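Visitor: sequence and predicted model, in that order:
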Amino acid sequence: MAGVEVRGGKVRVYFQFKGEKCREPVGSATSDNIAHAERLAASIDHEIRMGTFDYARLFPGSKRLAINTVGHYADLWLGIIENDVADTTLRSYRSKVKSHISPRWGKVQADQVSPIDLQTWVKSELPRTLASKTIKEIVTILRQIYRLYCSQHRQAYDPTQGVQVRLPDPEDPDPFSRHEIECILTTPTKRVQELNMIEFMIWDGPRLSEAMGLAWEDVIDLERGIIRYRRRQFRNAYRVTKTRRSTREKRLLKPARQALQRQWVLTSHLAPQPIEIIDRDNTTVRKADLRFVFLNSNTGRPHYGDTGIRDRFFKHHLERAGVRYRGPSQCRHTYASQLLSTGVAPIQWVAEQMGHTSPAMIYKHYGRWISEDGPDINSLVETALEVKRET
């Protein structure tokens with residue numbers, strides 16, 4: 001039931017709306033204002049029972065409206081996750097809120113967002129300018145905002161329920177063949193360190209960020225080729241590896257070991273550089289003095305970001321080598337496909353070498369062999385079974 005109360009010389013109406021006790025001021029406690037408040041309370045009570053009550057129409061300046069907009073809860077959510085996600089992730093979230101969510105929904109009351117309007121926005125409006133992956137990320141952010149809102153308003157409805165964004169099938173790995181590898185590694189270049197890095201990646205399979213973060217302090221035994229991956233260089237910052245499983249010690253294949261030994265001559269004697277490494281909690285920062293293995297051939301400095309390698313070296317080098325362009329990430333796929341094409345590398349071992357959490361990732365991404373590099377499986381099986389051919 002709605003009613004009227006007088007406190008401190010002020011009159012206000014009170015009412016129950018969507019499970020919450022609401023109070024709104026009407027004015028000073030004059031007889032006219034009290035009479036107006038009583039009529040207003042009766043009208044509010046009737047509209048709530050009829051389902052026609054419009055809070056913003058009657059109380060457009062209400063503080064309750066200001067703190068219940070989608071924009072208000074978006075700001076709260078960003079503040080809450082600030083110390084839980086990486087800086088780059090937080091920047092991405094803020095950008096999507098600022099560029100897409102706030103312009104459309106920021107000033108709308110969270111309980112007034114229609115599921116149909118939201119579906120129309122997601123299915124019809126956003127696809128005009130955005131890729132499906134970006135739209136899915138925006139919906140995920142909005143869903144998290146509403147999760148926070150619903151934790152504050154227990155009876156609230158989440159309009160993001162049922163909103164689904166389908167993504168296209170991911171592109172299959174497109175590794176380099178053995179012939180392409182030969183062309184890449186034998187094409188002359190002045191950027192020797194970058195080519196050494198590419199050869200190292202092809203034959204050891206690190207992520208590009210891991211190769212950029214590799215230091216001589218991580219090389220346990222150069223002659224035997226035993227190293228440890230402990231960090232990565234990602235978006236202008238040094239961080240621990242992507243997952244705990246990615247922190248791994250391994251023994252290099254001969255071509256990778258040789259590439260590393262060539263780099264020893266070029267960079268092992270240089271003075272260590274002080275850096276800061278962000279831990280997995282995105283808060284703890286550890287300091288270290290490191291001598292990085294692979295440096296920019298033109299500047300003599302560590303690589304920052306993948307743009308310099310991808311756009312300023314690799315793309316042009318593949319063109320000179322006569323090899324169809326694929327990004328540096330395909331070096332990692334090449335390593336996996338080459339291991340699998342031998343027919344002798346156990347799936348579990350391949351997963352461990354690449355820092356994957358389970359062999360399922362190998363089956364999912366690298367189950368397809370490169371036919372021109374793969375062995376004659378039928379002949380291998382016949383030999384193992386001692387099957388004799390008919391003459």
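Guide: Yep, it's here.

Visitor: how about low-confidence regions in this protein?
Guide: For the chain, the stretches with pLDDT under 70 are 357, 362-391.

Visitor: what about the closest residue to Thr283 other than its chain neighbours, how many residues nearby?
Guide: Residue nearest to Thr283 in three dimensions, not counting chain neighbours: Asn83, with 5.6 Å by Cβ to Cβ, 6 or more residues apart in numbering. C-beta coordinates here come from the backbone N, C-alpha and C atoms, glycine included. Residues lying near Asn83 (other Cβ atoms under 10 Å) number 10.

Visitor: Asn83 touches Thr284, doesn't it?
Guide: No: Asn83 lies out of contact with Thr284 (Cβ atoms under 8 Å); the separation is 10.8 Å.

Visitor: rewinding a little: secondary structure class for the residue nearest to Thr283?
Guide: Put simply, Asn83 is coil when judged by DSSP: H, G, I helix; E, B strand; the rest coil.

Visitor: all helices of the stretch 101-250 of the chain, in order?
Guide: Remark: helices assigned in the stretch 101-250 of the chain by DSSP state H, counting those that start in this stretch are 102-105, 115-120, 132-152, 178-186, 192-204, 208-213.

Visitor: in the last one, which residues are buried?
Guide: Residues of helix 208-213 classed as buried: 208-213 (neighbour count, 16 or more other Cβ atoms under 10 Å).

Visitor: do the longest one as well
Guide: When neighbours are counted by 16+ other Cβ under 10 Å, the buried residues of helix 132-152 are found to be 134-139, 141-142, 144-146, 149.

Visitor: can you check stretch 231-241 too?
Guide: For stretch 231-241, the buried set under the neighbour-count rule, 16+ other Cβ under 10 Å, comprises 231-234, 237-241.

Visitor: name the next helix or strand downstream of the helix or strand hosting His316, please.
Guide: Per DSSP states H and E, His316 falls inside helix 315-321. Once the chain leaves helix 315-321, the next helix or strand it forms, by DSSP H and E, is helix 330-341.

Visitor: got a list of what Arg94 touches?
Guide: By Cβ atoms under 8 Å, 6 or more residues apart in numbering, the contact set of Arg94 is Leu78.

Visitor: how does it look with 10 Å?
Guide: By Cβ atoms under 10 Å, 6 or more residues apart in numbering, the contact set of Arg94 is 74-75, 78, 82, 141.

Visitor: please enumerate the strands of this protein.
Guide: Taking DSSP state E, the strands of the chain run over residues 3-7, 10-17, 20-28, 219-221, 226-229, 231-233, 238-240, 248-251, 273-278, 285-290.

Visitor: distance of the residue nearest to Thr283 from Gly51?
Guide: Separation of Asn83 from Gly51 (Cβ to Cβ, to the nearest Å): 42 Å.

Visitor: please apply the same query to Thr189.
Guide: The gap separating Thr189 from Gly51 is 72 Å, by Cβ to Cβ.

Visitor: try Asp45
Guide: Look at Asp45 and Gly51: by Cβ to Cβ, they are 13 Å apart.

Visitor: looking at the two, which is more packed in?
Guide: A count of neighbours by other Cβ under 10 Å puts Asp45 above the other of Asp45 and Gly51, at 17 against 6.

Visitor: spit out the contact partners of the closest residue to the more buried one other than its chain neighbours.
Guide: Leaving aside its sequence neighbours, Asp45 sits nearest to Ala2 (Cβ to Cβ, 6+ apart; 4.0 Å). With contacts defined as Cβ under 10 Å, 6+ apart, the neighbours of Ala2 are 13-17, 22, 37-38, 40-48, 53.

Visitor: if I look at the closest residue to Glu249 other than its chain neighbours, how far off is Trp203?
Guide: Distance criterion Cβ to Cβ, 6+ apart; nearest residue to Glu249, sequence neighbours excluded, is Arg228 at 4.5 Å. Distance of Arg228 to Trp203, given as Cβ to Cβ: 17 Å.

Visitor: who has more neighbours, the two?
Guide: A count of neighbours by other Cβ under 10 Å puts Trp203 above the other of Arg228 and Trp203, at 23 against 15.

Visitor: quick one: contacts for that one?
Guide: 181, 185, 252-260, 331, 334-335, 338-339.

Visitor: wait, which of these is closest to Ser102?
Guide: Nearest to Ser102 among these, counting by Cβ to Cβ, is Cys331 at 39.8 Å.

Visitor: residue contacts, the spatially most central residue of the chain?
Guide: With distances taken as Cα atoms, centre = their mean, Thr89 lies nearest the centre of the chain, 6.6 Å away. Applying Cβ under 10 Å, 6+ apart to Thr89 gives the contacts 81, 235, 282.

Visitor: any idea which of the residues you listed is closest to Glu125?
Guide: Sorting the contacts of Thr89 by how near they are to Glu125, with Cβ to Cβ, puts Ile81 at the top with 26.1 Å.

Visitor: for that closest one, which residues are in contact?
Guide: By Cβ under 10 Å, 6+ apart, the contact set of Ile81 is 89-90, 93, 144, 148, 282.

Visitor: rerun that using 8 Å as the cut-off
Guide: So Ile81 contacts 90, 93 (Cβ under 8 Å, 6+ apart).
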